[in-house]
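Enquirer: Give me a model of this one.
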Amino acid sequence: MLYQFRKAVEKSLLKTMGKIGLCTVESYIGGEFFEASFLDTNDPQLKAAFPHISAPLAGATFSDIVLSSVNWHHKMLSVRDDNDDISIPLLGLFKERQEGAGHTFGNIAVRAYSGMTGEAVALEQDSDEAVVDAEHDDQGVIIPPTEEIQLLQAKKLSAEDINGHVITDGYRAFSKDLATERSFRPAALRDVLAFPIDVSALNTIQDFSEALSGINRHGNIAVAFAGLSASFDGETATLVLENGSRSRYQALGEALAQYFGEDIHSSACDDKGLSLQVSGTAKHFMHSIVTAPAAIAVAAVQPATEILPTLVTGAMSHGSLITKTHEAIATAVNMVGGKSNC
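Expert: All right, here's what the predicted structure looks like:
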């Protein structure tokens, strides 16, 4: 049994290494260069296994992993035969399945790529230079080159071109399709993150109820609000709204009572705040409230010409990218002032 287990582990490891272009094991042993998404790295057992990795959003503990393994073991004991699809679900962890786990760049992404790669390629050229046989599209979008002659004639874009860039229709469609897919089947850390809930302009019970309805009460360790702060004293939570009024606090209190039910025992408000006696999920929720920082004015955001020079393409092996792709990435990054190490 031990021999079979060791053989299975070695074959799966070699297959994974082959797919991502790893040639040796020694340089990766103990490297801990990956991200432990959805794991609670503060758990004593997991911290011992991953001492130098921190997952700020927490997640499953060692006990959760053990319980999951035990549950799957008991489930496998109920399997009747190899064709028992009900007892042996196809999770899609390796080969993507329609009802299985989400993949960061799965079938949806691959199909959406064709829309971007089908867009016309165009380069900025000085009037005395040879013009590449390509034109700007209707939006004047400059798209990274791909053909050999384009790679040779490509040059760094001016600050005006970079700061005045236009997002192509192909990329808008690509990002929209991925966002829709990942809202149903999260595949990366960003897929389970959300922008702060802005309650600064909410006034009625319906307004606050709609804002609360988009919150998942289970699994969140923090819920960010703009225009709302929370403090605790024992079992009493005090909420303060930006530009609060008695009517707004009454509406917020009623919306919370409808949302949490019996976990909110009593409430009282005045022009300065809303006080709630809470327990259970309501207490956990109140403790998870964090106040989002004030929004940054658009004028204070760094221009693209200051951001792009900080970007670097890491060295990638030819086991994962072909020569033509290496050249296109290197040229595109150099065009916008970044650094290439392809």
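Enquirer: Now do the helices in the stretch 1-150 of the chain.
Expert: Per DSSP state H, counting those that start in this stretch, the stretch 1-150 of the chain carries helices over the ranges 2-20, 44-49, 62-76, 107-117, 148-153.
Enquirer: next one: the stretch 151-300 of the chain
Expert: So, for the stretch 151-300 of the chain - with DSSP H, counting those that start in this stretch - the helices run 159-163, 169-184, 205-213, 246-260, 280-288.
Enquirer: quick one: buried residues of the shortest one?
Expert: Put plainly, it is helix 159-163. Within helix 159-163, the residues that qualify as buried are 161, 162, counting by 16 or more other C-beta atoms under 10 Å. Heads up, the C-betas are built off the backbone N, CA and C, glycines and all.
Enquirer: isn't residue 273 right up against residue 236?
Expert: No - Residue 273 is beyond contact range of residue 236, at 11.0 Å (criterion: C-beta atoms under 8 Å).
Enquirer: Residue 208 and residue 76, how far apart?
Expert: 47 Å (C-beta to C-beta, to the nearest Å).
Enquirer: So which of the two has more stuff around it?
Expert: residue 208 (24 against 10; other C-beta atoms under 10 Å).
Enquirer: isn't the more buried one right up against residue 255?
Expert: Yes - using C-beta under 8 Å, residue 208 is in contact with residue 255, at 3.6 Å.
Enquirer: what about stretch 194-202, distance to the chain center?
Expert: 20 Å (C-alpha atoms, centre = their mean, to the nearest Å).
Enquirer: that older thread, pull up the overlap in contacts between residue 208 and residue 255.
Expert: Common neighbours of residue 208 and residue 255, counting by C-beta atoms under 8 Å, 6 or more residues apart in numbering, are absent.
Enquirer: Tell me, how many residues neighbour residue 223?
Expert: Residues near residue 223, counting by other C-beta under 10 Å: 20.
Enquirer: Tell me how far the residue lying closest to it once chain neighbours are set aside lies from residue 282.
Expert: Excluding the flanking residues, the one nearest residue 223 by C-beta to C-beta, 6 or more residues apart in numbering is residue 288, at 5.1 Å. Separation of residue 288 from residue 282 (C-beta to C-beta): 11 Å.
Enquirer: which of these two has more neighbours?
Expert: Taking neighbours as other C-beta under 10 Å, residue 288 and residue 282 compare with residue 282 leading, 22 against 15.
Enquirer: quick one: the more buried one and residue 257 touch, right?
Expert: No - using C-beta under 8 Å, residue 282 makes no contact with residue 257, being 9.3 Å away.
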